[in-house]
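Participant: 3D, please:
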Amino acid sequence: MCSIHADDDLGLEVAAGPDPVEKAEPTGKQLKCRKCDETAAIAVRPKECYCRQCFFAQCRQKFRASYGKARLIQKGDTALLAFSGGISSSCLLGLTMEGLSDAEQRKLRYIPTVCYIDESRVHSWSAGEHTQIKASVSSVLASSNFPFCIIPLELVFSSDTILEHYYSHALVTPSIASSDDAVSSASSSNGESCVRGGKVAAGTTRSDLPTLESEAKQLEACMAACASLTAKEDMVQTLRTRILSSLAAVGHFKWVLTGESCTRLVIRTLSDIAKGRGAMLPYSTAFADRREKHTTFLRPLREFSSKEIGFYSHCQNLSVIQPSEIASMVPENGSLDRLTEAFVHGLQAGFSSTVSTVFRTSEKLSVAGGAAVSAECCVLCGSPMDLPFGSSDDHSELFSKARTAAGHLLGGVLSSSTNSSAALAPAPPSAAVAAAPVKTSPCTSREENGVVDEQSGCGGSCSCSGEADSSSSVFTPNMLKPFTCYGCRVVLHDMKNVSSTVFPPRVTRQVQLATNRSEMREQIKDFLLEDD
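Facilitator: From the prediction side, this is the model:
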């Protein structure tokens, strides 16, 4: 074994002295602010110290610079701000409030609406804990003077019509009404009320909203089907992204703002590589995530470290709500995310440049040639396919091994390797789904004729009312896998007792549509002209 003192291995006596690895810290030296030379109150890094005023100015400047560099948001754009109650989302809400305050000479250009996703069914909170958390969230959001809504996660299993109806009645505008009325209407047991014109709308009670009991059972069944904690965390993240995307489409929001910090993105980068989602790194760590068709996810806090966010929250006395989560009170090796988080924090404690190094390295990963998001996306997470669309499990394994051996870290997203793709051309898509045929519904013929409505799933007015027929919703995981990315296939592999009810209706409609198109393409393949 290596030793610090070379003479130890020879059995020689070593003179006592200070450990050469440890450096004595200077004593009696007062830290100065790097901007104004006043006494520093906050030390972000050893050589980056600020007084309170300069630190707040630095945070505001960094927050505004994230929008300015991208040059995406136009004046008057609407944005959905995702609020979880944690320290990062509270910091995002606080910086947004400062950027839109009357004291600011140059205000932010977008109009925010805050959304809190209620995940009580996932975390099995007690009735008292759920009521307390909901009341605290309503109080914090009402004090922001922004329109806000509290949406249960199980709504992801409902139709777009129910989601739009629920959202319109759950929306609260405390900027028009008094804060006390807004909080009482949002957190009352009678249901989420809507404040219009400065008064609480009459008749907006729980009886006017769907009970969501069937959707809640579907969510519980989905969580019960996940055998590992890693699969549960991945599924919750996927459902959370799906419901935010659906709300953005229903509310006509152009942007969705999330509060991921630099430290959180580094943890996600390493854990995604371990989960087989390395091909999605250019999207999952970028400032603008354009994987969704109707909206774009923005990460304005991606330049902030968790330490900076903690200092800002503490100095500004922000109200932080920390409800229990799936991974709460779980050992470090309970899941890949927890293990990666402990690894990053431990390494950062000894080497202060760990997070910044990994973060700057991941920034260099980008889509080759600036290519747009592929039209063929995973039906679960919505990411571009890193495997041949409609391929079977055997071909997926061959494809993954070939790309790994070739050194293509980002799989099919970075470039379409013509040679490897041609050599590993997947079997006809119909063969992958032959084991689980889908019965056609009245709207299936319209889909095959090319008239498709993405919102409703059919091209005309029929009895399906935009939902798949019950006879066509029966499918197996083997039918779902050919239309998912590699990372989602790993999650499906960890799921047990899977049935059609554990997935949102949107997934079943997309699988049905992709299956019908694959079968139709197989039937007319002899009449198609191939590109030279």
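Participant: any weak-confidence spans in the stretch 251-400 of the chain?
Facilitator: 367-375, 389-400 (pLDDT under 70).
Participant: strands along that one, start to end?
Facilitator: Ranges of strands in the stretch 251-400 of the chain, per DSSP state E, counting those that start in this stretch, are 255-257, 288-289, 296-298.
Participant: now do the strands in this structure.
Facilitator: For the chain, the strands defined by DSSP state E cover 42-45, 48-50, 78-83, 111-118, 148-152, 195-196, 199-200, 255-257, 288-289, 296-298.
Participant: include mean neighbour count and distance to residue 61 when you put these into CSV, please.
Facilitator: No exception for glycine: its C-beta is placed from N, CA and C like everyone else's. Converted to CSV, those look like this (neighbours: other Cβ atoms under 10 Å; distance: least, Cβ to Cβ, whole Å):
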stretch, mean neighbour count, distance to residue 61
strand 42-45, 16, 14
strand 48-50, 19, 12
strand 78-83, 22, 20
strand 111-118, 22, 20
strand 148-152, 22, 27
strand 195-196, 18, 35
strand 199-200, 14, 40
strand 255-257, 22, 18
strand 288-289, 16, 20
strand 296-298, 23, 18
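Participant: of all those, which one comes closest to residue 313?
Facilitator: Smallest distance to residue 313 across the strands of the chain (Cβ to Cβ): 12.2 Å, for strand 42-45.
Participant: still on that earlier bit, nearest to residue 229, of the strands of the chain?
Facilitator: Closest approach to residue 229 among the strands of the chain (Cβ to Cβ): strand 111-118, 19.7 Å.
Participant: so which of the strands of the chain gets nearest residue 525?
Facilitator: With Cβ to Cβ, the closest approach to residue 525 among those belongs to strand 288-289: 35.2 Å.
Participant: can you name the residues in contact with the closest one?
Facilitator: With contact meaning Cβ atoms under 8 Å, 6 or more residues apart in numbering, strand 288-289 is reached by 70, 72, 283, 296-299.
Participant: same check, this time on stretch 56-72
Facilitator: When contacts are defined by Cβ under 8 Å, 6+ apart, stretch 56-72 is touched by residues 35, 50, 73, 95, 98-99, 108-109, 255, 287-288, 296, 298-304, 308, 312, 315-316.
Participant: return the set of buried residues in that stretch.
Facilitator: 56, 58-59, 63-64, 66-67 (16 or more other Cβ atoms under 10 Å).
Participant: just these: which are in helices?
Facilitator: Counting by DSSP state H, those place 56, 58-59, 63-64, 66-67 in helices.
Participant: list the buried residues of stretch 138-148.
Facilitator: 138-142, 144-148.
Participant: max pairwise distance over these: which two?
Facilitator: Most distant of those, by Cβ to Cβ, are 139 and 147, 15.5 Å apart.
Participant: so where's the stretch 101-250 of the chain uncertain?
Facilitator: Along the stretch 101-250 of the chain, segments meeting pLDDT under 70 span 174-210.
Participant: distance to residue 488 for the strands of the stretch 251-400 of the chain - can I get that in JSON lines?
Facilitator: Shown next, in JSON lines, are the strands of the stretch 251-400 of the chain (distance: least, Cβ to Cβ, whole Å):
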{"stretch": "strand 255-257", "distance to residue 488": "21"}
{"stretch": "strand 288-289", "distance to residue 488": "17"}
{"stretch": "strand 296-298", "distance to residue 488": "18"}
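Participant: ok, back up a step: could you dump the buried residues of stretch 56-72 to JSON lines with pLDDT and distance to residue 511?
Facilitator: As requested, those are exported to JSON lines (pLDDT from 0 to 100; distance: Cβ to Cβ, whole Å):
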{"residue": "56", "pLDDT": "92", "distance to residue 511": "50"}
{"residue": "58", "pLDDT": "91", "distance to residue 511": "49"}
{"residue": "59", "pLDDT": "93", "distance to residue 511": "45"}
{"residue": "63", "pLDDT": "94", "distance to residue 511": "41"}
{"residue": "64", "pLDDT": "93", "distance to residue 511": "43"}
{"residue": "66", "pLDDT": "92", "distance to residue 511": "37"}
{"residue": "67", "pLDDT": "93", "distance to residue 511": "38"}
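Participant: sorry, back to before: now, among the contacts of strand 288-289, which is nearest to residue 85?
Facilitator: Closest to residue 85 out of the contacts of strand 288-289 is residue 299 (18.1 Å), distances taken as Cβ to Cβ.
Participant: just checking, that closest one touches residue 264?
Facilitator: No. Look at residue 299 against residue 264 with Cβ atoms under 8 Å: they stay out of range, at 9.4 Å.
Participant: for stretch 223-242, list every residue counted as buried.
Facilitator: Of the residues in stretch 223-242, 223, 225-226, 228-236, 238-242 count as buried by neighbour count, 16+ other Cβ under 10 Å.
Participant: just the CA trace of it, in PDB.
Facilitator: Written as PDB, here are the backbone C-alpha positions of stretch 223-242 (Å, rounded to 0.1, in the frame of the first residue of the first chain):
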ATOM      1  CA  MET A 223     -46.300   2.900  -8.300                       C
ATOM      2  CA  ALA A 224     -47.000  -0.600  -7.000                       C
ATOM      3  CA  ALA A 225     -45.900  -2.100 -10.300                       C
ATOM      4  CA  CYS A 226     -42.400  -0.500 -10.000                       C
ATOM      5  CA  ALA A 227     -40.300  -3.100  -8.200                       C
ATOM      6  CA  SER A 228     -37.300  -0.800  -7.400                       C
ATOM      7  CA  LEU A 229     -36.900   2.600  -5.900                       C
ATOM      8  CA  THR A 230     -35.000   3.700  -9.000                       C
ATOM      9  CA  ALA A 231     -37.900   2.800 -11.200                       C
ATOM     10  CA  LYS A 232     -40.300   4.600  -9.000                       C
ATOM     11  CA  GLU A 233     -38.300   7.800  -9.000                       C
ATOM     12  CA  ASP A 234     -38.000   7.600 -12.800                       C
ATOM     13  CA  MET A 235     -41.700   7.000 -13.200                       C
ATOM     14  CA  VAL A 236     -42.600   9.900 -10.900                       C
ATOM     15  CA  GLN A 237     -40.300  12.200 -12.900                       C
ATOM     16  CA  THR A 238     -41.800  11.100 -16.100                       C
ATOM     17  CA  LEU A 239     -45.400  11.600 -14.900                       C
ATOM     18  CA  ARG A 240     -44.500  15.000 -13.500                       C
ATOM     19  CA  THR A 241     -43.100  16.100 -16.800                       C
ATOM     20  CA  ARG A 242     -46.100  14.800 -18.700                       C
END
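Participant: change the start of the numbering to 777 and stick with it
Facilitator: With the count now opening at 777, the last piece we talked about shows up as stretch 999-1018.
Participant: and the angle for the longest helix anywhere in the chain with strand 887-894?
Facilitator: If you go by DSSP H, the chain has its longest helix at helix 1005-1026. Relative orientation of helix 1005-1026 versus strand 887-894 (axes from the mean of the first three to the mean of the last three Cα atoms, to 10 degrees): 140 degrees.
Participant: helix 1005-1026 versus strand 924-928: what angle between them?
Facilitator: 130 degrees.
Participant: what's helix 1005-1026 packed up against?
Facilitator: Packing partners of helix 1005-1026 (3 or more Cβ pairs under 8 Å, 6 or more residues apart in numbering; DSSP states H and E): strand 854-859, strand 887-894, helix 936-946, helix 989-1001, strand 1031-1033, helix 1112-1126, helix 1262-1269.
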